[in-house]
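Novice: Have a look at this prediction, sequence included:
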Amino acid sequence: MNLAVVCDAFPPKRNSVSKHMDDLTKFFQKKGHNVFVFTPDEKITEASSLNISEKVEVLRCKIPRFEGSSLLRRLLVELSYPFYFYKACKHSSVDVEKFDGIIWYSPSIFFGIFIFYLKHKSKCKAYLILRDVFPNWALDLKIINKFTYWILNVFALLQYKIADRIGVNSPSSKLLLEKYSFLSDKCEVLWTWLNADFSPRFNKLIQENGLITFVYIGNMGIAQDIFSFGKLAKSFKSEPKIKFLFYGRGSEKQNFKKFVQEESLLNVFIKDEISSEELSFILENCSIGMVALDIRHTTSNIPGKFLSYMEAGLPVLAKLNPDNDLIELISRFDVGSVVTTNSIDDLENAAMELLRKVKTDENISDRCFILARDVFCIEKANEQIIETFSR
């Protein structure tokens, strides 16, 4: 099949979306499909740039820079995605009538019009990989008001309408979307996936010198509530054998740095985001992965960082909203400790419980690998998506 993939991040960009879509396109290719990727790019100077990355054709579509800008500017740029993508197609003379199937990743919620254009030209079906039920969570966290929510929800509903099949990342997200009658037979659970070449790495969770390292990777935004882990680190200030590493970027990173400096947290180290190769090395030398989502969320989310921790055999300390499906996964496979309150005492108790388990449970890394292998299977994801185009 000739497959079109549309996503807002692709290598060399460094984030979980980029990694997951890179892994998926490579797997499609491994199965004999031809893959063409459409992705926005702030750095190119022309309207478009067409190149081949490991036999995958990639059309990079020029967009205005918005990272580090206001939420309003980001909104305006993303609203314009269909225009910039259409312009890039015309500039590069891409054959938009050749596709047998279209896969697109959300967020962003604003690809819908461009997907409709591709569907119309190629007369094929489209599969929406929905990893984030936006704008619902933004309303939960009071980032937007109800009026803004209703406007943004029009674009979310538009992409749901355009999709022939929607793969959500958890059972509760499926139930949420099926409240809309027109989605009752469109949705399925499509677990996020790991690279097909994934193999267990048996690293020591505790270093020979007794050092225990908590690590956080990924976005440091409003939704992640990383300050909870900053406060946790403060409670461990007097423990010389415990340190906290934070890798990533986001709207709250500078505020978090300021908090660490003001509290004189010498056990906290904040770094920029890193490549997948560097990440593997870092995680091999860590003990516990950290996941945090604001407990006001009413939607479920499986952060990409959780997969990275499981792949590395790291148990997790998770602060989550009470209805998150990740709680059940962590409990079923016994791969960490979970807190569903804003209490720092609760978080500290959960951390102490997990530290004891790391020191005494020799099989905890094995269970992480089992969860990664059994749940986050790229072969199953491939089958679900391709089945849509084969009907």
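Specialist: Thanks, I have the structure now.

Novice: which helices and strands sit right next to the host helix or strand of Tyr105?
Specialist: If you go by DSSP states H and E, Tyr105 is part of strand 101-106. With contacts defined as 3 or more Cβ pairs under 8 Å, 6 or more residues apart in numbering; DSSP states H and E, the packing partners of strand 101-106 are strand 2-6, helix 16-30, helix 112-122, strand 125-130, helix 378-390. To be clear about C-beta, it is placed using only N, CA and C from the backbone, and glycine gets the same treatment.

Novice: Check which residues of the lowest-mean-pLDDT helix or strand in the chain are buried.
Specialist: The helix or strand of the chain with the lowest confidence, counting by mean pLDDT, DSSP states H and E, is helix 276-284 at a mean of 84. When burial is assessed from 16 or more other Cβ atoms under 10 Å, helix 276-284 yields the following buried residues: Leu279, Ile282, Leu283.

Novice: who's in contact with it?
Specialist: 14, 19, 201, 203, 215, 217, 245, 247, 274, 289, 308-309, 312, 314 (Cβ atoms under 8 Å, 6 or more residues apart in numbering).

Novice: Now tell me which of these the prediction trusts least.
Specialist: Among these, Arg201 carries the weakest pLDDT, at 58.

Novice: quick revisit: make a markdown table out of the buried residues of helix 276-284 and add distance to Val5.
Specialist: A markdown table is the format used below for the buried residues of helix 276-284 (distance: Cβ to Cβ, whole Å):
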| residue | distance to Val5 |
| --- | --- |
| Leu279 | 23 |
| Ile282 | 28 |
| Leu283 | 27 |
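
Novice: Kindly indicate which of these lies nearest Arg391.
Specialist: Arg391 has its nearest neighbour among these in Leu279, at 37.4 Å by Cβ to Cβ.

Novice: For Lys98, see how far away the closest one is.
Specialist: 35 Å (Cβ to Cβ, to the nearest Å).

Novice: Likewise for Asn51?
Specialist: 18 Å.

Novice: try Phe259
Specialist: To Lys98, Phe259 is 51 Å away according to Cβ to Cβ.

Novice: neighbour count winner among those two?
Specialist: Ranked by neighbour count (other Cβ atoms under 10 Å), Phe259 and Lys98 place Phe259 first, with 18 against 13.

Novice: quick one on the thing from earlier: now the strand holding Tyr105: average pLDDT?
Specialist: Mean predicted lDDT for strand 101-106 stands at 97.

Novice: Likewise for stretch 26-36?
Specialist: The pLDDT scores in stretch 26-36 average 94.

Novice: ends of it, how far apart?
Specialist: Using Cα to Cα, to the nearest Å, one end of stretch 26-36 lies 11 Å from the other.

Novice: Which residues belonging to that stretch are considered buried?
Specialist: Quick answer for stretch 26-36 (16+ other Cβ under 10 Å): Lys26, Phe27, Phe28, His33, Asn34, Val35, Phe36.

Novice: now Ala233, nearest residue through space, not along the chain?
Specialist: Phe244 (4.4 Å; Cβ to Cβ, 6 or more residues apart in numbering).

Novice: Report the contact partners of that neighbour.
Specialist: Phe244 neighbours (Cβ under 8 Å, 6+ apart): Thr213, Phe214, Val215, Tyr216, Phe229, Leu232, Ala233, Phe236, Leu265, Asn267, Val268, Phe269.

Novice: tell me the secondary structure for the last one?
Specialist: For Phe269, the reduced secondary structure class is strand; criterion used: DSSP: H, G, I helix; E, B strand; the rest coil.

Novice: What's opposite the closest residue to it other than its chain neighbours in the beta bridge?
Specialist: Leaving aside its chain neighbours, Phe269 sits nearest to Leu245 (5.2 Å; criterion: Cβ to Cβ, 6+ apart). Beta-bridge partners for Leu245, by DSSP bridges, are Val215, Phe269.

Novice: Distance of Leu245 relative to Asn267?
Specialist: For Leu245 relative to Asn267 (Cβ to Cβ), the value is 10 Å.

Novice: Which residue ranges of the stretch 51-200 of the chain form helices?
Specialist: Per DSSP state H, counting those that start in this stretch, the stretch 51-200 of the chain carries helices over the ranges 71-79, 81-92, 112-122, 136-140, 146-162, 171-177.

Novice: mind checking how far the longest one is from the chain centre?
Specialist: In this case it means helix 146-162. On the basis of Cα atoms, centre = their mean, to the nearest Å, helix 146-162 sits 21 Å off its chain's mean C-alpha point.

Novice: where's the residue nearest to Ala233 relative to Ser106, distance?
Specialist: 32 Å.

Novice: Can you give me the distance of the spatially most central residue of the chain to Lys186?
Specialist: In the chain, the centroid-proximal residue (Cα atoms, centre = their mean) is Gly304; its distance is 4.1 Å. Plainly put, Gly304 is 24 Å away from Lys186 if you go by Cβ to Cβ.

Novice: what's the answer for Asn324, then?
Specialist: Applying Cβ to Cβ, the value for Asn324 to Lys186 is 23 Å.

Novice: and those two? which has more neighbours close in?
Specialist: Asn324 (25 against 18).

Novice: hang on, isn't the more buried one packed against Ser300?
Specialist: Yes - between Asn324 and Ser300 there is a contact under Cβ atoms under 8 Å: 5.0 Å.

Novice: what is in contact with those two at once?
Specialist: Jointly contacting Asn324 and Ser300 under the rule Cβ under 8 Å, 6+ apart are Ser170, Ser172.

Novice: can the helices of the stretch 51-200 of the chain go into a markdown table with extra columns for mean pLDDT?
Specialist: Shown next, in a markdown table, are the helices of the stretch 51-200 of the chain (pLDDT from 0 to 100):
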| stretch | mean pLDDT |
| --- | --- |
| helix 71-79 | 88 |
| helix 81-92 | 92 |
| helix 112-122 | 96 |
| helix 136-140 | 90 |
| helix 146-162 | 95 |
| helix 171-177 | 91 |
